[in-house]
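S.K.: Model the structure of this input:
(one chain, ligands or ions: 1)
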Amino acid sequence: MGRTARKRKRRLKYRECDDFSLESLQNTILLKKSMQSLGWKNDSKLILKNFVSTGRGVSSLLNIKSNQKLIEIPYNLLITCANAFELDLIQNLCKASNKFKAQEILAVFLILEKHKNKNSKWKFYLDTLPEELPTLPWLCTEAEFSTYPSYLMAIVSKKKWDLEIGWERVEKSINSSWICPCCEQPLNRVVTLNAFTWGYVVVNTRAVYVDPGVAIKLFGRDLSNFLSDAPCLALCPFLDMFNHSAEANTRAELICVGDSWKYTLTTLTSYKKYRQIFISYGSHDNDKLFCEYGFFLIHNHLNNIRCSLEEVLSVSNISLNKKQRAFIENRCLPSDVYVSTTGLSFYLKALFYVLIKPDVEWGRVIYSEDYSSCDIMFMCLTIKKILSFKKAKFIEDLKKLKYVAVSKYALGVVDYMKNKIDLLDIILEVLDSYS
Ligand SMILES: C[S@@+](CC[C@H](N)C(=O)[O-])C[C@H]1O[C@@H](n2cnc3c(N)ncnc32)[C@H](O)[C@@H]1O
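M.R.: Numbers count the residues shown, from 1 in each chain. Predicted coordinates for the structure are as follows:
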């Protein structure tokens, strides 16, 4: 082993030593005890730890094998819309308004239960929820948002808009004469914008998907009069402590054992004891991870840079004839058009081929990926031009953003943009080796 490798190993060892157990915290003790009293069995000997690399997460006192059940949570420990509809206040809210989204209802439920403090039966869980919000790019100020690069703005604006519309709906439905039953304050002093943002973000970053058919069957009531979407979200104590890795592979299932339902997670990846156990939140690139969960991975093999048909056309100086346009539209070629560290995507190559060979039968070469080295060279050179333009634009966007970024959310975007520029550099290097 060389000196650099030895140093790296020492540094890694040191970092692992910095991880520390959270098992002696009152919150962890209460969480585990309460869950066990409600039927949870910690068969995999899972423990909570703070990891230098990710913050709070999960590891085990045992080696975990591939295909092993990691955790099995009884359904009665899940917080679903059904729990929310047990509260009179939530029923009144629904009667006073158009339909809500499941995420909005769960957000209000969390606020009301947290506000009850000791009187909430969910205190054991609520006490484990972070106060601080993750670095979600849609929580920035309007001034910061207006300086986001246009491609990010397009992804983030829908999330920002959904939160704003959700709050508008909730705020409008709260009657100013309603009083909180536990403290007799006006309800609109308890359900505030800040509190709603917290609840909404908790649901966004921690909820799991449950089959809405099962959720409705177990509740015994149809919720379609109150909800505009399906009641498919649930908060799952302890299970929401696992962090994500692009390398992890997990299977999540809602299963019925005897007459009781359980939410189970099985890992298809093995883990050594005491090491962090990751799960997969889905096959997400950094854009998706950042927008939905407020973090991104420095190395994520699913990362890519999207290219639009217009960019390809303008840089290659080609105009399309009718036959080419029809082929591109019918086969939806521009839908999955990107370049990554493994090169050009299937559809990007196909798109190029249709552009540069206007008069041939395209199907055979495209579907067998039988491109000539000359075609590949042209594709790589053109893409390099597009990426160089993008890089210059990102650097310019970054400068503008740095100038106005104050909140941790916009500063998170600054880091995110730097990572995106690094990705462009890596892809440009990869393309150099092809051309
Ligand atoms: C379901 S929670 C996971 C547990 C969380 N770390 C905690 O302490 O409560 C999801 C949040 O964890 C964080 N997270 C998950 N995976 C991560 C990772 N690989 N790196 C950094 N943060 C991560 C993000 O803030 C995300 O919004």
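S.K.: Where does the prediction get shaky in the stretch 201-350 of the chain?
M.R.: 332, 334 (pLDDT under 70).
S.K.: Show me the helices in it, by range?
M.R.: Here the stretch 201-350 of the chain has its helices, by DSSP state H, counting those that start in this stretch, at 212-219, 286-293, 309-316, 322-330, 346-356.
S.K.: Output the contacting helices and strands for the longest one.
M.R.: The reference is to helix 346-356. Under the contact criterion of 3 or more C-beta pairs under 8 Å, 6 or more residues apart in numbering; DSSP states H and E, helix 346-356 touches helix 309-316, helix 322-330, helix 363-368, helix 373-404. For glycine as for every other residue, the C-beta is placed from the backbone atoms N, C-alpha and C.
S.K.: gap between it and the chain center?
M.R.: Relative to its parent chain, helix 346-356 has a centroid offset of 31 Å by C-alpha atoms, centre = their mean, to the nearest Å.
S.K.: next one: the third one
M.R.: Chain-centre distance of helix 309-316: 31 Å, with C-alpha atoms, centre = their mean.
S.K.: Dig out what Ile277 forms beta bridges with.
M.R.: Val58 (DSSP bridges).
S.K.: Quick one: residues contacting it.
M.R.: Residues counted as contacts of Ile277 (C-beta atoms under 8 Å, 6 or more residues apart in numbering) are 46, 57-60, 64, 70, 242, 267, 271.
S.K.: can you put the residues you listed in JSON lines and add neighbour count?
M.R.: As requested, those are exported to JSON lines (neighbours: other C-beta atoms under 10 Å):
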{"residue": "Leu46", "neighbour count": "20"}
{"residue": "Gly57", "neighbour count": "20"}
{"residue": "Val58", "neighbour count": "23"}
{"residue": "Ser59", "neighbour count": "21"}
{"residue": "Ser60", "neighbour count": "20"}
{"residue": "Ile64", "neighbour count": "20"}
{"residue": "Leu70", "neighbour count": "22"}
{"residue": "Phe242", "neighbour count": "22"}
{"residue": "Thr267", "neighbour count": "24"}
{"residue": "Tyr271", "neighbour count": "22"}
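S.K.: Among these, which lie within strands?
M.R.: Among these, DSSP state E puts 46, 57-60, 70, 267 in strands.
S.K.: okay, the helices and strands packed on helix 346-356 in TSV with mean neighbour count and distance to the ligand next?
M.R.: Formatted as TSV, these follow (neighbours: other C-beta atoms under 10 Å; distance: least, C-beta to the nearest ligand atom, whole Å):
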stretch	mean neighbour count	distance to the ligand
helix 309-316	16	31
helix 322-330	13	37
helix 363-368	13	36
helix 373-404	16	21
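S.K.: Go through these and name the closest to Leu38.
M.R.: helix 373-404 (46.7 Å; C-beta to C-beta).
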